[in-house]
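Trainee: Requesting a structural model of the entry that follows:
(chains A, B, C and D)
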Protein chains: 2
Amino acid sequence: MASQRSPSRVAAPDFERPLVTVDVVIFTVLDEQLKVLLVRRPEAATDPFPGRLALPGGFVNVDLDASLADCALRKLGEKTGFSAPYLEQLGSWGSATRDPRGWCTTHVYFALVPPPADSEEMASAASEWIEVNAALRKRLAFDHAEILAAAVERLRGKVEYTSLPAFLLEEPFTLPQLQRTYEIVLGRPMDKSAFRKRMLDAQFLLEAGSIAGDAGRAAMGYRILDRERAAVFPRTFRSVESPASKE
Amino acid sequence: MASQRSPSRVAAPDFERPLVTVDVVIFTVLDEQLKVLLVRRPEAATDPFPGRLALPGGFVNVDLDASLADCALRKLGEKTGFSAPYLEQLGSWGSATRDPRGWCTTHVYFALVPPPADSEEMASAASEWIEVNAALRKRLAFDHAEILAAAVERLRGKVEYTSLPAFLLEEPFTLPQLQRTYEIVLGRPMDKSAFRKRMLDAQFLLEAGSIAGDAGRAAMGYRILDRERAAVFPRTFRSVESPASKE
DNA sequence: CGAATAGTGTCTGTGAGACAGTATCGC
DNA sequence: GCGATACTGTCTCACAGACACTATTCG
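Mentor: Predicted coordinates:
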């Protein structure tokens, strides 16, 4: 069909084509830590970066994938069982040198998923959940360290003014759980009262019945109203970084 | 593995490769309007979308371009003479159907440039500056209407909390000029006092001597401290959209 | 002098954060 | 009752916007 020399009415140019891949940065919160899913590359020496940890991803399959987002969803489904996670495009990287196999581009997506029910199940498939700061210190395949850093920065940045952490929780969840998730991602404690005011004012939560914890008063459970997009808050958390030195 | 082009140790897989292109959305403010640069595609029937308006762009040249950003800068240089504009990646689009020539991806960058000294000069090269709302109503080639819409949304969104509009002006510029630029991009008037406070507090401007206008008091000229990145304000402009109906 | 534009001072409402108080649960 | 957790009320301070004021330039 769209082969390089197809004699259709509109001809594709005879340029050499770069490789086209898709990678997915998959975040979750597990054991009170922000973690990212990494896979170990095959040991075969014919493979680039054998044995290294890398972001899950691979080549776009022109026959299987209708679009880039489709391809990302396929990769995500292959690695995790998740069907309706939060998926957003992070950006693309491409250069002559980032892949020893040739001029290579990657379209990077970033996904937020609730913690896997059985975290061991995945380790078997040569993939592991790794705490992000530890992951950032590792030597990853390709330029994946740079990509991961960009993803973490984007996540932390957007968490300051969006409802993104809600996608890291299994529904229904409670506001204290959600606050804990914010605190884990941002690495700083937050005020309960201000937090609740902000979440409830943003109109993105749906009440879903009371949930009893291990101890103390039961809490209201919530679901996300629109799983397609995150809510955007009118202001960022903590606009001033610290009671600054005013000379 | 059998690879026809790569005799190296690591072989490239034999997948069919999508087409890889780069497009650039170039914004400027001209005649008190936000405009975007569009090019008219050749009339030849062997070309997709002959005669249609499109974003400037084209295929990645594996021999000329070291990276995607390089390619974007090359396209930008070919269309405008600008050397140091603001350039940021917008995202990537790719699917089996967006280009009649086959499975095609595009990496889209968005650039902010000062108004061209001679706006006629460019029209000669089959490219024109078109007011964005008019451009959004036109039937553009490929999925460029969708891409342009995303670019305008990103621009307007970021203008609310960043110094991006400063890159739309020739240096040095004055604060009233900068305010006017904000107002043009956002389509709404802003308060002078609040605007100045915000700009000066953000510490991204460098004083560059007084500039006399056509009438009235001369104004202080400014340059951008760091042309590589935009300043981010701690708060967004007008966090509340309107004195809302409180039930 | 007045017109035009640049730049500053002052007031006020809003709202986020701090923190203390109240409510509800299991035992 | 008590401990533990969920939730709410109140106070305060910062700051963005509104708007009126002063400053500088030109003719």
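Trainee: Please identify the buried residues of stretch A:88-101?
Mentor: For stretch A:88-101, the neighbour count (16 or more other CB atoms under 10 Å in any protein chain shown) marks A:88-96, A:98-101 as buried. Using the backbone N, CA and C atoms, a C-beta is placed for each residue, glycine as well.
Trainee: Filter these down to the ones in helices?
Mentor: Among the buried residues of stretch A:88-101, no member falls in helices (DSSP state H).
Trainee: so how far is stretch A:153-168 from its chain's centroid?
Mentor: 10 Å (CA atoms, centre = their mean, to the nearest Å).
Trainee: with the buried residues of stretch A:88-101 in mind, which one is nearest to residue B:174?
Mentor: residue A:91 (34.5 Å; CB to CB).
Trainee: Can you name the residues that contact that closest one?
Mentor: By CB atoms under 8 Å, 6 or more residues apart in numbering or on different chains, the contact set of residue A:91 is A:108, A:150, B:89, B:91-92.
Trainee: Is it bridged to anything, and to what?
Mentor: For residue A:91, the beta-bridge assignment (DSSP bridges) gives partners residue A:108.
Trainee: Would you reformat the buried residues of stretch A:88-101 as JSON lines and include pLDDT?
Mentor: Listed next are these as JSON lines, based on pLDDT from 0 to 100:
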{"residue": "A:88", "pLDDT": "96"}
{"residue": "A:89", "pLDDT": "97"}
{"residue": "A:90", "pLDDT": "98"}
{"residue": "A:91", "pLDDT": "98"}
{"residue": "A:92", "pLDDT": "98"}
{"residue": "A:93", "pLDDT": "98"}
{"residue": "A:94", "pLDDT": "98"}
{"residue": "A:95", "pLDDT": "97"}
{"residue": "A:96", "pLDDT": "97"}
{"residue": "A:98", "pLDDT": "96"}
{"residue": "A:99", "pLDDT": "96"}
{"residue": "A:100", "pLDDT": "94"}
{"residue": "A:101", "pLDDT": "93"}
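Trainee: could these be laid out in a markdown table, adding distance to residue A:197?
Mentor: Output for these, formatted as a markdown table (distance: CB to CB, whole Å):
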| residue | distance to residue A:197 |
| --- | --- |
| A:88 | 26 |
| A:89 | 31 |
| A:90 | 31 |
| A:91 | 33 |
| A:92 | 38 |
| A:93 | 39 |
| A:94 | 44 |
| A:95 | 46 |
| A:96 | 51 |
| A:98 | 45 |
| A:99 | 48 |
| A:100 | 53 |
| A:101 | 52 |
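Trainee: Tell me what the nearest residue to residue A:38 once chain neighbours are set aside is bridged to.
Mentor: By the measure of CB to CB, 6 or more residues apart in numbering or on different chains, the closest residue to residue A:38 outside its immediate chain neighbours is residue A:53, 4.4 Å from it. Bridge pairing for residue A:53 (DSSP bridges) gives the partners residue A:40.
Trainee: wait, doesn't residue A:53 sit right on residue A:36?
Mentor: No. At 10.0 Å, residue A:53 does not count as touching residue A:36 under the criterion of CB atoms under 8 Å.
Trainee: Just want to know which of those two has more residues nearby.
Mentor: Counted by other CB atoms under 10 Å in any protein chain shown, residue A:53 and residue A:36 do not tie: residue A:36 has more neighbours, with 23 against 19.
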